[in-house]
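Student: show me the folded form of this:
(chains A and B)
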Amino acid sequence: MEDKKFHQLQERFNYMNDILAGKNNENLRLLSSRLEELAARLSSLGQEEAWEAVKTLEDLFNFVEKKIEAELTPMDKVRIVRNPQRICLRDILENVYDNYTEIGSMGEHSIDPAMLIARAYITRRQGKRTFNQSVMVIGHEKGHGEEIRNGGSASPWGNAKALHYMKVAETENIPIHAFVFTPGSFPVEDSPGAAQQIAKNLYEMSNLRVPVLAVISEGGSGGAEAIGLADRRLMFSHGYYSVISPEGGAAIEGNVKRGPRATPELIEKVAENLCLTAEDNLRMGYIDGIIQEPELGARCHHFDFLRQLRQEVLRATDEIVLEVRGVEPFRSMSRRSRRKKTREGLNMDTVHMRWNLSPSAQERLVERRHKKFRGLAQEAFLDHRTGWDQFKSVVSDAYWEFGSYVRYDLLRRRQQNISNFLGEMKSETSFFLKNQTAPFRRLFGKGKDSGVKKNGDAEKQLTTLSDWSDDSQDQRGRWAYISPKAKEDRAVVCPNSATHGCLDMWARDLYGEFAGVCTHCGHHFPMEYQWYLYNVFDHGSIREFHGDAIESKNPLDYEGFSLKLEKAKAATGLKSSCMTFEASLHGINTVVAMLVGPFRGGSVGAAEGEKFILASERASKKRLPFLAYVHGTAGIRIQEGVNGVIQMPRCTMAVRRYIDAGGLYLVVYDTNSYAGPVASFLGCSPYQFGIRSSNVGFAGPGVIQETTGAPIEPHYHSVYKALARGHIQGIWDRREMRFNLHQSMLTMGGRNLYYK
Amino acid sequence: MLDISTLLEEIKAAPYVESSIRTPHCGVVQFNEELQPGSKLVGPHGNWREKPGTVLATIDRERCMKNVNALEKGELVSINAGLSGQFVEAGTEIMRVRHFLSREEVLQIILKQALYLFNAPEKAKYYFVPAVDVKVKNTGPKSVSVHDGMELFIISRMKREMPLRYSGPDGVIYAVYFSVNQNLDPGMPLIGVCPPSQVGQIEEVSMRVQTEWPED
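Tutor: This is a model prediction of the structure:
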C-alpha cells in the first residue's frame, strides 16, 4: 500500500517537474531530496513507520503544490494543458455523460483521430422519473499524448466532420457540447483547406438553431474557433485561449525564422503579454465563466472535478435554453432563482428541463448569439465618435433602413407590378392586332419583315470584330494613378524570367503603362492600394466613412506595441489597417472594406473588425453590394490577443447577417492573404476572387514546414491552387478588375440589391 | 557496330563535362568573392529543385541586380577575373565550370548511343500484348525479339484500349522503362532495343559502370 502511495508521489513530482520546466528549483529540489531519502530507507522501515513516513511526505507535497499553484505563470498553464496527464475528451465522455457512442472513429481508423464526435446522453431524475437528455459532443481528442491524435490539432477534414455533425444535431434539435482541446488547426491546404473549412464552420455555426456550449481547455486560435462559436463559453481555470501559441508569438516577436529557437524567457514574456489565461478572458468578456480545477490542473483521476464539470455543463445548457424560452420576466426570475440555488448546492441532476426548442425559441437563440458577439471587444479600440455622432448615426441608420424599405420594397414592387401588367397588356394587344390585320397586310403585299426596323448597331455587332477603342477594360496604359515605383530609373526582372524567358522591363513602363504586369508571362507585381482606389472605382466617387472615428489601440498594453502602432499610423496616414468607404463602379454604388497591407501587414484587430462590421451593416441598410478588397493581410494581430481572434466569429456573423438579408458579398484577394481573416469572414464568401500572382492560405510555408515536418512545394499558396481546390471562384487580371467587378455585380448576389 | 568499351574508355579519360558560364545580357559583372578556382559548386536543389544553385556572380544592368547561378553540381575551373567590375556584352564568358558525370549520367550516355528508345506517343497507361507479356514475365525482356510493325503494346486510357505497333530497328528488348498501371507522359521511353549481339556487351559495361565509377 505504501509502495503504491510512494509511486504516486513520484508521479506527482514528475508532473510538477514537467509543468515547471526546470523552474522553481528550490521547491522541487526539496521534494526530490526527500523522495530520494525515503526511497533509500523505505524497505528498512516497518509497515506502520513506512506508512507514516509516506503520509508525512504527502503532506509536504500538498503544501508545495499549493505554493506552486499560487505562483503559476501563464506559460506554466500552457504546459499544464499540454501535459499528457491532463484530462482529455474521452475522460469527459466517460465521467460527465451517462452513455455515449463514438461516431466515425475506432482509434486510428477515423477521418481525423484528433476530432472526436459522440452522441451522448445525460440522465436526470425528477422524483421517480428519469430523463435521458441527448447531446452531440464534439471536441478535440488529445488522447493523453497518443501519437495518432496529433496533439488535438484537427485537420481540415476533421473540422468538416465536426460541421457535418453540428448540422445533424440541428436536424435532431439537440444541444451541442463542444470541448476545445487544441493547440491550433493543422495548417495544410489539402482539400477542403484549413482556412476554407474553418471559415465554413464559423459561417454555419453562427446560425445553428440549437444551443451550443463550448468548454475551453486549450484554445489555440483558428482551431478553437472552428468549433468554439457558442452561446455559452466556459473555460477551465488552468486553460488558455489565445490568438497564437506563446512559442509562435515569440518566434514572430524575436524575428526567428530558421535555426535558433526563441529563448524560454522570451516565450514566458510573450505568454504573459498575450493575456491568455481564463481570468484574463473572463475579464475581457470572451468567456462566460470559469470552471475551477484542482491544484496544478485537472488530471484523469480528479473525479470530483469531473462531477463538478457535469454540473456546470448541465447548468450552462439549461441557462441557454431558459434565456430563449417563455416570457421574459418568468425566464429571468427562474434563471435567477436557479443560479442562487445552484450556489447553495442544488444538484442539477435532479432538475429536468427539456432542451429542444420551438421554432420561435430557435430564432431568439440565433438572434441572441449574434447580439452577444456583436457586443464583444468594444473596449479594445479607440472610438472617437461623440454622442452627437452616434445620435446622427442612429438617425441615418433608421433613415436608410426606412428609405430602402419604401423605395425598394414598397414603391418598386408596386411599380414592377404595374409595369409587368402593362407589358402583358401590350403583347396581348399586339398579338390580337397582328392576327386581325394579317389579311389586309397580305392583300397589300407587305413582307413578313416589314415594319421591323433594321438595327444598324446590332448588325455591326454581329458582323464586325470587337472594337477596343472605346472599351473600358483596356485603358491603353492611361491609368489614373501611377505608382511611385514608376519614377525609378531602373530595369526590373520578372521572377519567372528563368522559366518563361521574360525580358527585363523598365520600371517606368512596368509600374506605369503595364500596371505592374509582366508583358511576357503576365506575372503581377504588387502595387499600392491607391492604384485600385483610383483605377477601379469611378473617378471622384470614393467617400470614406469612420476613417478617423475608429482607431487601433494596444488593448493588452503589449510591450513595445504602442510604438510600433504609432509608427504604422504615421507612415500610412491611416488609423487602422481597414479602410471603409462608399464608391461607385459604372454608376453602381457599393460599400468597400479594404485591408491595407502596409499598415502592420494588413493584420486585423478590434478596430478593423468593428469597421468591417459597421461597413457590412451600412451595406445591408442601404441595399448596396459589399466588397472586401484584401490588398494584403498577415492574419489576426497577435499583439491584441483574443481581442483580435474574436473578430473571426464577430465579422463572420456580420457577413452572415448581410448575406441572409439578400446582399452581394464579394471578396478580392491581392498580394498575400493568410490566417485568421481568410479562415473566417473572408473565406466564407460564396464569391471570392484572386488577383493573378497573389497567394491565399492559412499558415505561411515556414509554419507549415515546422508543424507538419514536410517540405512545402513552391507556389503552394498560389491563387491557382486555391482555385483548383475550390477556395476561390476565379482569378482576375488587375487591369480587368473594374470590368470583372461590374460584371459580378450584375450577375451575382441576392434579392435585396438596390439596382436589381 | 558501336564499340561500347571504347566509348566507356573515352568517358573515363575525361569523366566530366566542361562548360562556360556566359553573361545572359550586358551589364557590370561582380564575381562572388568566396569562390576560387577549385571551389565546389551546387546546382539547383530541394525536392522540386526550387532552391537555386551557388551564386557565381551578379550582373547589374540599369540598376537591376541579377544573380548568375550554377546550373549543375561541379567545380569551378577558372574565373575571368579581369572582368570584375567591368561592363560586358551579352554572351561574354566569365567562368568555366566542370561537372563530373555521375554513374547515372554515364549509363545514360552509353545507353543512349547503344539502345534504340521507343517512346510513348501519348499520355496513357501501357501494357505489353498478352503473348509478349507472358514471355517477359517468364523469361525476361531480353528473350523478346521485336521487329518493325510488330503489335507490341496496348495503350489504355480512361477505359479506351487500342493496340500500338513497334516501329524501329529490329532487335531484342534490353530494358523496359514502364510498370503496370503507371501513367506515362508523351515522349517517355517505353523500351530500349538493341541488336541481340550487343546484349552481353552492354550488360558488362553497365556492371562495370555500377561498380567502378567513382561518385562523391
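
Student: what mean pLDDT does stretch A:151-161 get?
Tutor: Mean pLDDT, computed over stretch A:151-161, is 94.

Student: contact partners of that stretch?
Tutor: By CB atoms under 8 Å, 6 or more residues apart in numbering or on different chains, the surrounding residues in contact with stretch A:151-161 are A:82, A:104, A:111-112, A:114-115, A:117, A:140-142, A:162, A:181-186, A:188, A:190-194, A:196-198, A:200-201, A:218, A:223, A:226-227, A:707. The way it works is simple: take the backbone N, C-alpha and C, and place the C-beta from them, glycine included.

Student: so which strand or helix has A:Pro555?
Tutor: For A:Pro555, there is no enclosing helix or strand under DSSP states H and E.

Student: leaving out sequence neighbours, find the closest residue to it.
Tutor: Leaving out its chain neighbours, the residue that sits closest to A:Pro555 by CB to CB, 6 or more residues apart in numbering or on different chains is A:Ala380, at 4.0 Å.

Student: how about B:Ser84?
Tutor: B:Phe31 (5.3 Å).

Student: please enumerate the helices of chain B.
Tutor: B:4-13, B:103-114, B:130-139, B:199-212 (DSSP state H).

Student: go through chain A and flag its longest helix.
Tutor: helix A:412-443.

Student: rewinding a little: state the distance from the residue nearest to A:Pro555 to chain B.
Tutor: Separation of A:Ala380 from chain B (CB to the nearest CB, to the nearest Å): 41 Å.

Student: hmm, that residue is touching A:Gly641, no?
Tutor: No. Assessed by CB atoms under 8 Å, A:Ala380 is found out of contact with A:Gly641, at 9.1 Å.

Student: overlap in contacts, those two.
Tutor: Listed contacts common to A:Ala380 and A:Gly641 are A:Pro555; contacts here mean CB under 8 Å, 6+ apart.

Student: can you list the residues of chain B near chain A?
Tutor: B:25, B:46-48, B:50, B:61-64, B:66 (CB under 8 Å from any CB of the partner chain).

Student: looking at those, which are in strands?
Tutor: Among those, the ones falling in strands (DSSP state E) are B:61, B:64, B:66.

Student: domain parsing for chain B?
Tutor: Residue ranges for the domains of chain B, per automatic domain parsing: B:10-101, B:104-212.

Student: Serialize these to CSV and add fields for distance to A:Leu433, mean pLDDT and mean neighbour count.
Tutor: Output for those, formatted as CSV (distance: least, CB to CB, whole Å; pLDDT from 0 to 100; neighbours: other CB atoms under 10 Å in any protein chain shown):
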stretch, distance to A:Leu433, mean pLDDT, mean neighbour count
domain B:10-101, 73, 93, 16
domain B:104-212, 58, 91, 15
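
Student: with distance to A:Glu459 as added columns, please give the ones you listed in TSV.
Tutor: Below are the domains of chain B laid out as TSV (distance: least, CB to CB, whole Å):
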stretch	distance to A:Glu459
domain B:10-101	51
domain B:104-212	45
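
Student: poorly predicted segments of chain A, please.
Tutor: For chain A, the stretches flagged by pLDDT under 70 are A:1, A:24, A:256-260, A:326-346, A:445-456, A:465-477.

Student: one more time with 50, if that's ok
Tutor: Within chain A, the segments meeting pLDDT under 50 span A:450-452, A:470-473.

Student: what residues does it put near chain B?
Tutor: Applying CB under 8 Å from any CB, we find that chain A lies next to chain B at A:488-493, A:504, A:506, A:711, A:713-714.

Student: pull out the buried members of those.
Tutor: With burial judged by 16 or more other CB atoms under 10 Å in any protein chain shown, the buried subset of those is A:490-493, A:504, A:506.

Student: and of those, the nearest to A:Phe545?
Tutor: Taking CB to CB as the measure, A:Phe545 lies nearest A:Val492 of those, at 36.8 Å.

Student: any idea what A:Ala118 is bridged to?
Tutor: A:Glu102, A:Val137 (DSSP bridges).

Student: what about A:Ala380 and A:Gly641, which has more around it?
Tutor: Counted by other CB atoms under 10 Å in any protein chain shown, A:Ala380 and A:Gly641 do not tie: A:Gly641 has more neighbours, with 28 against 25.

Student: how close does that one sit to B:Lys66?
Tutor: 44 Å (CB to CB, to the nearest Å).

Student: could you pull up the residues touching B:Asp150?
Tutor: No Asp there; residue B:150 is Met. B:Met150 neighbours (CB under 8 Å, 6+ apart): B:165-166.

Student: let's go with 10 Å and repeat that
Tutor: Neighbour list for B:Met150: B:129, B:132, B:144, B:165-168, B:170 [criterion: CB atoms under 10 Å, 6 or more residues apart in numbering or on different chains].

Student: and the helices in the stretch 351-500 of chain A, which stretches?
Tutor: A:359-374, A:387-404, A:412-443, A:456-463, A:497-500 (DSSP state H, counting those that start in this stretch).

Student: if we ignore the residues flanking it in sequence, what's nearest residue 167?
Tutor: Defaulting to chain A. A:Glu204 (7.0 Å).

Student: my question was about chain B, not that one.
Tutor: B:Ser167 sits nearest to B:Asp148 (CB to CB, 6+ apart), 5.6 Å away.

Student: how near is the one you found to B:Phe118?
Tutor: For B:Asp148 relative to B:Phe118 (CB to CB), the value is 11 Å.

Student: out of the residues of chain A next to chain B, who's nearest A:Leu208?
Tutor: The shortest approach to A:Leu208 among the residues of chain A next to chain B belongs to A:Glu713, at 36.7 Å (CB to CB).

Student: let me see the contact set for the spatially closest residue to the closest one that is not a sequence neighbour.
Tutor: Using CB to CB, 6+ apart and skipping residues adjacent in sequence, the residue nearest A:Glu713 is B:Trp48, 5.5 Å away. Applying CB under 10 Å, 6+ apart, we find B:Trp48 in contact with A:711-715.

Student: before we move on, what about B:Ser20?
Tutor: B:Ser20 touches B:77-78, B:80, B:91-97, counting by CB under 10 Å, 6+ apart.

Student: widest-spaced pair of those?
Tutor: Spatially, the most separated pair among the contacts of B:Ser20 is B:Val77 and B:Gly91, at 18.7 Å (CB to CB).

Student: isn't A:Leu627 up against A:Met745?
Tutor: Yes. Counting by CB atoms under 10 Å, A:Met745 is a contact partner of A:Leu627 at 8.8 Å.

Student: please identify which of these two sits among more neighbours.
Tutor: A:Leu627 (26 against 21).

Student: next, give phi and psi for that one.
Tutor: A:Leu627 adopts backbone torsions of phi -110, psi 130, taken as degrees, to the nearest 10.

Student: what's opposite it in the beta bridge?
Tutor: Applying DSSP bridges to A:Leu627 yields these beta-bridge partners: A:Val592, A:Leu666.
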